[in-house]
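In: task: produce atomic coordinates for the following.
(chains A and B)
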Amino acid sequence: RKEVEQDPGPFNVPEGATVAFNCTYSNSASQSFFWYRQDCRKEPKLLMSVYSSGNEDGRFTAQLNRASQYISLLIRDSKLSDSATYLCVVNIEGQNFVFGPGTRLSVLP
Amino acid sequence: GAGVSQSPSNKVTEKGKDVELRCDPISGHTALYWYRQRLGQGLEFLIYFQGNSAPDKSGLPSDRFSAERTGESVSTLTIQRTQQEDSAVYLCASSSRPSGTHNEQFFGPGTRLTVL
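Out: Numbering: from 1, shown residues only, chains lettered A, B, ... in the order given. Okay, the predicted model is just below:
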């Protein structure tokens, strides 16, 4: 089983749609969680950290379920500029960051 | 302030040559990471530095790959006797600490390596 798994995608949605991405991780010792976005031929950029109580940043909401080892990202009112690959990332105390394979999103006009 | 920088941005080399890639992390960031990303693929972890030591170098694909970090700052990734399968974007990232809250990674723009 891979350490971090994500929805395979791609997701093609119309502008204004709500889209949700799912991520699961295998190591229960994971303690930090993030969503990054990566545009084509660019480096990954931090979208948001994921906190235990869940957190929201504008149109983006992240949730963490430690018992199920599951992370989600919800994008509301999607924009053309949201088109990118979304990467789920987990970190274990004192160790490297583990990136999921990513889920590609295309928001269509 | 300045972000993570990498040089060169592009490198074309012939099979069998050695290459050296450089990463300048954000000032004060103690943790530094190297990743490889082949075209259309996900990020592949190579090595992680905490200060100048490398607690985890499990991702280095072969003994042709090595990395060092000096002064808790600049890091170089060296690939000896390059092969065509080494062609990829090599990404460097730094974080203020390896764990705990607010330990987000910040990435450099990468070095695109092409081995002919």
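
In: what about the strands in chain B?
Out: Assigned by DSSP state E, chain B shows strands spanning B:5-7, B:10-13, B:19-24, B:31-37, B:43-50, B:53-56, B:65-69, B:75-79, B:88-95, B:106-107, B:111-115.

In: anything in the first one near chain A?
Out: No: when contact is scored as C-beta under 8 Å from any C-beta of the partner chain, no part of strand B:5-7 falls within range of chain A; the minimum is 9.1 Å. All C-beta atoms are positioned from the backbone trio N, CA, C, and that covers glycine.

In: note down every partner strand of that strand and its orientation.
Out: Partners of strand B:5-7 in the sheet, by DSSP bridges, are strand B:19-24 (antiparallel).

In: now the strand it pairs with: average pLDDT?
Out: Taken as a whole, strand B:19-24 has a mean pLDDT of 98.

In: after the least confident helix or strand in chain A by mean pLDDT comes which helix or strand?
Out: Between all helices and strands in chain A, the lowest mean by mean pLDDT, DSSP states H and E belongs to strand A:97-99, at a mean of 88. Downstream of strand A:97-99, the first helix or strand assigned by DSSP states H and E is strand A:103-108.

In: other residues contacting that following strand?
Out: Strand A:103-108 is contacted by residues A:6-15, A:17, A:19, A:21, A:75, A:78-86 when judged by C-beta atoms under 8 Å, 6 or more residues apart in numbering or on different chains.

In: buried residues, it. List them.
Out: Across strand A:103-108, burial judged by 16 or more other C-beta atoms under 10 Å in any protein chain shown covers A:103, A:104, A:105, A:107.

In: any idea how far the first one is from chain B?
Out: Read that as residue A:103. From residue A:103 across to chain B, the span is 11 Å (C-beta to the nearest C-beta, to the nearest Å).

In: before we move on, what about the third one?
Out: The span separating residue A:105 from chain B equals 15 Å under the rule C-beta to the nearest C-beta.

In: so that residue bridges to which residues?
Out: For residue A:105, the beta-bridge partners are residue A:11, residue A:84 (DSSP bridges).

In: look up the closest residue to residue 74, ignoring the ones flanking it.
Out: Chain wasn't specified; assuming chain A. Distance criterion C-beta to C-beta, 6 or more residues apart in numbering or on different chains; nearest residue to residue A:74, sequence neighbours excluded, is residue A:61 at 4.4 Å.

In: please go with chain B instead
Out: Of all residues not flanking residue B:74 in the chain, residue B:24 sits nearest, at 5.6 Å (C-beta to C-beta, 6+ apart).

In: please name the residues that touch that neighbour.
Out: By C-beta under 8 Å, 6+ apart, the contact set of residue B:24 is B:4, B:5, B:6, B:7, B:73, B:74, B:108.

In: do you know how far residue B:33 is from chain A?
Out: 6 Å.

In: contact distance from chain B - what residues of chain A qualify?
Out: A:31-32, A:34, A:42-46, A:49, A:87, A:89, A:91-102.

In: would you mind listing which of the residues you listed are buried?
Out: Buried, going by 16+ other C-beta under 10 Å: A:31-32, A:34, A:43-44, A:49, A:87, A:89, A:91-92, A:95-102, out of the residues of chain A next to chain B.

In: low-confidence ranges in the chain?
Out: The chain I'm using is chain A. Applying pLDDT under 70 to chain A picks out residues A:1, A:94.

In: looking at chain B here, not the other one
Out: When residues are selected by pLDDT under 70, those of chain B lie in B:1, B:98-102.
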